[in-house]
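In: here you go, sequence then predicted model.
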Amino acid sequence: MTILALDWALMIEKLIMIAIIVLASLGIALYTTFAERKVAAILQDRPGPSRAGPFGLLQPLADGLKLIMKEEIIPNAANKWLFILGPGLAMTASLMTCAVIPWGSAIDVFGRHIELQIADVNIGILYVFAVVSMGVYGIMIGGWASNNKFSLMSALRAASQAISYELAMGLALIALLMTTGSLSLKTIVEQQVSGNWWNIVYQPLGFLIFFITAMAECNRTPFDLPEAENELNFGYHQEYSSMKLGFYLFAEYINMIMSSAIMASMYFGGYDLPFFNEASVSPNIAAMIGVGTLLIKIVLFIFLFMWIRWTIPRFRYDQLMGLGWKTLIPLALFNMLVTGAVILANQ
Amino acid sequence: MQALTNKAQAVNRKPMTFWERLYLINIIKGMMITFSHMFKKQPTIRYPEEKREFSPVFRGLHVLNRDEEGRERCTACGLCAVACPAEAITMEAAERVEGEENLYREEKYAAKYEINMLRCIFCGLCEDACPKDAIYLSETFAPANFTRKGFIYGKPDLLIPNPKTEAEAFAEAKGVEA
């Protein structure tokens, strides 16, 4: 009976945490769609959605209800299994990222010491990379299974874009890992909490590259060629309707939240509130303040994403590839070389 | 050739400098522009609650006027129909009989008075032509309708409420003008 030897309390603790984090990120994603519309409206001198509930706050619920009530259509020529698998995969991949993000330090409840992180894997960043790459499959499978040339073209675009930008992203990260010496997100954040400067100070260029590539990975506007409403007719989710479409749209927003969380953790100190001594309050309160700080950082990043989206137009495809291969990769390599040289010189 | 405005500019074909090619500065400039728009006044009029005010010279839906005692002013002379460039107005005249003095001001009145709002161009020439101040254009426009017939407005649609019996509705229909 080896199964009984498991630490059941730990299992339950982790399950509760997974439930909270998944539900919270779904809820935040719901309101991110609302925030997107509001931010777009305000930047364009419009009031934005304001009819459903006070200040339009019930708008996301109305949108969700609308998506659920719509007729579910699977095209005749589509590959049914893959057609259903696509949005599910996109959603799963984007939710899985949250497993390694440290949301706060640790709290003590009912005599248990609970780390506010689902899994402190020592290869956390590699895990994030692996999962993010899986997200491309959702788009690829969806686009291919639709049996529609526009969907297929946009799926191809998405795949090649993701591959090109993941390279630069990885190279930008290597430079960061050279300074931190660890792949665990928890360790990276703790290094920044314990008195050191935030990593953005050591890696400004690396952050810029990471930010641009993260935007490309999320298919956000200057890089939203896979969706390209006006060229590809909505792209890979053209044939989708009802909640399957909702899943794709939702996955995009969850991706955005997760990449904001990862950027905040890796470059902006994670749950570290600057100029604040965590030891001056009880550990539980300190942990809660940490969670709040991380959430604020995430919101700021999401606003930045939206701000950029409603400011600059989409790239042409050759410009996108040119930027990825001819600018970002050499720049990331250069950043890596400089970082290595500085580390060597300081030894 | 002399330039009409001082806005003409020669196209700049200088190759971009390194900083210009980076685009980052220009993107940040652009983002500052969009950011500044967050604090601008929104020109939106939230329609059903707020309505845009029409200009005082707005020419809208026609109103057939009454005098102070609530009698119809129109004598069915037909000058408005003649003046109408769109030929939107038709009418039939009738003679006032004994006992109708409180309804019609003159001895002749319009038994039928119709304006086709689909033909009407709201030019206001009928208003100018009328010798009796019987027709004028109000500050509202014709609402949508499901049929063409619905756009032919008869006397019940056009007549202003009686100032004697429905003083409030009369004041509202009369508006600021006229």
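Out: Yep, that arrived. Numbers count the residues shown, from 1 in each chain, chains lettered A, B, ... in the order given.

In: helices along chain B, start to end?
Out: B:18-22, B:24-36, B:79-83, B:125-129, B:155-158, B:167-174 (DSSP state H).

In: mind giving me the packing neighbours of the shortest one?
Out: Applying 3 or more CB pairs under 8 Å, 6 or more residues apart in numbering or on different chains; DSSP states H and E, one finds that helix B:155-158 contacts strand B:62-64, strand B:108-116. In this view, the C-beta of every residue, glycine as well, is placed from N, C-alpha and C.

In: where does the chain dip in pLDDT?
Out: Looking at chain A here, since you left the chain open. Applying pLDDT under 70 to chain A flags the ranges A:1-6, A:195-196, A:228-230, A:232-233, A:278.

In: let me rephrase: I mean chain B.
Out: Using pLDDT under 70, the flagged stretches of chain B are B:1, B:175-178.

In: where does it come near chain A, residue by residue?
Out: Taking CB under 8 Å from any CB of the partner chain as the measure of proximity, chain B contacts chain A at B:27, B:30-31, B:33-35, B:37-38, B:40-44, B:46.

In: tell me the two of the residues you listed that are most distant?
Out: B:Ile27 and B:Arg46 (33.5 Å; CB to CB).

In: that older thread, which ChimeraX command selects the buried ones in the residues of chain B next to chain A?
Out: Selection of the buried residues among these in ChimeraX, burial being defined by 16 or more other CB atoms under 10 Å in any protein chain shown:
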select /B:31,34
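
In: kindly report the residues of the stretch 1-150 of chain A close to chain B.
Out: A:42-47, A:50.

In: now do 6 Å
Out: A:42-43, A:45, A:47 (CB under 6 Å from any CB of the partner chain).

In: list the contacts for the residue nearest the centre of chain B?
Out: Centre of chain B computed as the mean C-alpha position; nearest residue by CA atoms, centre = their mean is B:Gly60, 2.9 Å away. By CB atoms under 6 Å, 6 or more residues apart in numbering or on different chains, B:Gly60 lies in contact with B:137-141.

In: hmm, which of these are the buried ones?
Out: B:137-139.

In: and A:Gln161, how many neighbours?
Out: Neighbour count for A:Gln161, taken as other CB atoms under 10 Å in any protein chain shown: 24.

In: am I right that it falls within a helix?
Out: Yes. Under DSSP: H, G, I helix; E, B strand; the rest coil, A:Gln161 falls within a helix.

In: how near is it to chain B?
Out: 18 Å (CB to the nearest CB, to the nearest Å).

In: just A:Gly138 next, same as before
Out: From A:Gly138 to chain B the distance is 29 Å (CB to the nearest CB).

In: that residue contacts A:Thr92, correct?
Out: No. Using CB atoms under 6 Å, A:Gly138 makes no contact with A:Thr92, being 8.0 Å away.

In: so for these two, which residue has more residues nearby?
Out: Taking neighbours as other CB under 10 Å, A:Gly138 and A:Thr92 compare with A:Gly138 leading, 25 against 16.

In: secondary structure element for that one, which one?
Out: helix A:124-145 (DSSP states H and E).

In: likewise for A:Leu304?
Out: helix A:283-309.

In: for that helix, buried residues please.
Out: A:286-291, A:293-295, A:297-299, A:301-302, A:305-309.

In: intersect the residues you listed with the contacts of chain B.
Out: Applying CB under 6 Å from any CB to these, those adjacent to chain B are A:Trp307.

In: give me the number of residues near residue 94?
Out: Went with chain A since none was named. Neighbours of A:Ser94 (other CB under 10 Å): 28.

In: my question was about chain B
Out: With other CB under 10 Å as criterion, B:Ala94 counts 13.

In: the nearest residue to it once chain neighbours are set aside and chain A, how far apart?
Out: Leaving aside its chain neighbours, B:Ala94 sits nearest to B:Ala111 (3.7 Å; criterion: CB to CB, 6 or more residues apart in numbering or on different chains). Using CB to the nearest CB, B:Ala111 is found at 48 Å from chain A.

In: now the helix holding A:Gly138: buried residues?
Out: Result for helix A:124-145 [16+ other CB under 10 Å]: buried residues A:124-125, A:127-129, A:131-132, A:134-145.

In: chain center to that helix, what's the gap?
Out: Relative to the centre of its chain, helix A:124-145 is centred 12 Å away, using CA atoms, centre = their mean, to the nearest Å.

In: packing partners for that helix?
Out: The elements that helix A:124-145 packs onto, with contact taken as 3 or more CB pairs under 6 Å, 6 or more residues apart in numbering or on different chains; DSSP states H and E, are helix A:80-96, helix A:149-180.

In: got the ones you listed as TSV, with distance to A:Phe334 columns?
Out: Putting those into TSV (distance: least, CB to CB, whole Å) gives the following:
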stretch	distance to A:Phe334
helix A:80-96	31
helix A:149-180	10
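
In: quick one, which of the ones you listed is nearest to B:Lys7?
Out: helix A:149-180 (39.6 Å).

In: just want the angle from the helix or strand just after the closest one to helix A:283-309.
Out: For helix A:149-180, the following helix or strand on the C-terminal side (DSSP H and E) is helix A:185-193. Put simply, helix A:185-193 runs at 100 degrees to helix A:283-309, going by axes from the mean of the first three to the mean of the last three CA atoms, to 10 degrees.
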